[in-house]
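S.K.: structure, please.
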Amino acid sequence: MLQCFLCDSSFCEKPFLTTCRSNQYCATMRTDGKFSGITFTVVERFCILDAVCALLNANGTTFIASVGVGQTSVTSTISCCNTDGCNRNNFDAPNKTPNGLKCKSCRNFYDEQCDSDMVCVGDQDRCLNDTASLLPYDYGFGNNTLKGCISRTFCQPSYFGNVTCCEGSFCNKGVSWLSEINFSLQLLSLISIVLLM
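M.R.: Residues are numbered from 1 along each chain as shown. Model prediction:
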């Protein structure tokens, strides 16, 4: 069984070794986000099911998932490894260089047109055009349409549910409505699910 590092806090300043289960690898994940003008970075080191690493194709490589909707963005970088103490590695900040793709997005919570132009960055190589119930309970919001930039890794149904993506600038044109707050909660929930596996 592997010895892997766990974090003492969200900043992972003093990671410590623990013994994982026999079907687990070591993993490191960095999540960078922006919400309502506030930026954050969270680093996690943990044991993860080897099947999840295989699903993400992240054993010995880096898996990057990135999405931007309006003023909200989240980029997660994860890697798996299978030797003792191998998840002490650090990741650089995500690539924020514009990549030439542009997508339609929403300006804010009350935007019913969602016809703003958004410049995609880094690994965001698709446009998001999805309708989903963003909370487990309705809370009066119902199904909301999400538009923005997204990486192809978030578009894989086997990873994060049925996310609708399209290729090419402004392929997600159309009238929609967005709740950035709820979308951020959904993304953080997905990240939590990966951590708990």
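S.K.: how is this structure partitioned into domains?
M.R.: Segmentation of the chain into domains, based on automatic domain parsing, reads 3-94+189-196, 98-179.
S.K.: okay, those in CSV with mean neighbour count and mean pLDDT next?
M.R.: Any C-beta I mention is one placed from the backbone N, CA and C, and that applies to glycine too. Formatted as CSV, the domains of the chain follow (neighbours: other CB atoms under 10 Å; pLDDT from 0 to 100):
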stretch, mean neighbour count, mean pLDDT
domain 3-94+189-196, 17, 88
domain 98-179, 17, 74
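S.K.: please name the nearest non-neighbouring residue to residue 94.
M.R.: Counting by CB to CB, 6 or more residues apart in numbering, residue 75 is the residue found nearest to residue 94 once chain neighbours are left out, at 4.0 Å.
S.K.: the one you found reaches residue 31, doesn't it?
M.R.: Yes: between residue 75 and residue 31 there is a contact under CB atoms under 8 Å: 7.2 Å.
S.K.: so which residues of this structure form helices?
M.R.: Along the chain, the segments classed as helices by DSSP state H run 50-56, 157-160, 180-196.
S.K.: identify the bridge partners of the closest residue to residue 10 other than its chain neighbours.
M.R.: Leaving out its chain neighbours, the residue that sits closest to residue 10 by CB to CB, 6+ apart is residue 42, at 4.9 Å. On the basis of DSSP bridges, residue 42 takes part in beta bridges with residue 31.
S.K.: who's in contact with residue 163?
M.R.: 128, 130, 150, 154-155, 157 (CB atoms under 8 Å, 6 or more residues apart in numbering).
S.K.: pick the one among the residues you listed closest to residue 167.
M.R.: residue 155 (9.6 Å; CB to CB).
S.K.: so the closest one is in contact with residue 126, correct?
M.R.: Yes: counting by CB under 8 Å, residue 126 is a contact partner of residue 155 at 5.6 Å.
S.K.: overlap in contacts of these two?
M.R.: Common neighbours of residue 155 and residue 126, using CB under 8 Å, 6+ apart, are residue 165.
S.K.: just the strands in this protein please.
M.R.: Residue ranges of the strands in the chain, as given by DSSP state E, are 3-6, 16-19, 24-35, 38-49, 62-69, 72-81, 98-105, 116-121, 126-133, 143-150, 165-166.
S.K.: looking at those, spot the one closest to residue 173.
M.R.: Checking the strands of the chain against residue 173 by CB to CB gives strand 98-105 as the closest, at 5.4 Å.
S.K.: can you name the residues in contact with that closest one?
M.R.: Residues from elsewhere that reach strand 98-105, judged by CB under 8 Å, 6+ apart: 68-70, 114-122, 124-128, 147-149, 168-174, 178.
S.K.: OK, contacts around the residue nearest to residue 94?
M.R.: Applying CB under 8 Å, 6+ apart to residue 75 gives the contacts 31-33, 64-67, 94, 122-123.
S.K.: if anything else comes up later, I'll come back, but that's it for now.
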